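*Asks:* Sequence plus the predicted model coming up.
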Amino acid sequence: MRASLKGREELVTRVQQALLLPTKKEAEHVVNAVVSCLECTLLNHLPADGFTLKLGSFGKFSVRHKPGILRKIPFTGKTILTKDKRKIRFISLGILRQREKRD
């Protein structure tokens, strides 16, 4: 997830408080585990591109298809087609978005 650093820190702090975790490091591991599970599920288990998962007042995860592009290899002069990719895009919503705009 490529959320802003301030948004991520606030999320970690809130998770720490909600789960009564002793350190921010443990809360950060929880946040990273949840986000990586979401990304894995969206990329590997959903065949449709353009799928969107919306978490109210937090954000929206969407799957985008990036087609392969032609690249020229400088040493050989050959042109190759790179692999297609699927990417996750995160858009913050609600209070998180308002705080990012203020800062």
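*Replies:* Perfect, I can see it now.
*Asks:* So which elements touch the helix or strand containing residue 71?
*Replies:* Per DSSP states H and E, residue 71 falls inside strand 70-72. When contacts are defined as 3 or more Cβ pairs under 8 Å, 6 or more residues apart in numbering; DSSP states H and E, strand 70-72 packs onto strand 79-81. Where C-beta positions appear, they are placed from N, C-alpha and C, glycine not excepted.
*Asks:* What lies in contact with the strand it packs on?
*Replies:* Applying Cβ atoms under 8 Å, 6 or more residues apart in numbering, the contact partners of strand 79-81 are 68, 69, 70, 71, 72, 73.
*Asks:* Please state the offset of the strand holding residue 71 from the chain centre?
*Replies:* Distance, stretch centre to chain centre, for strand 70-72: 27 Å (Cα atoms, centre = their mean, to the nearest Å).
*Asks:* Great, nothing more from me.
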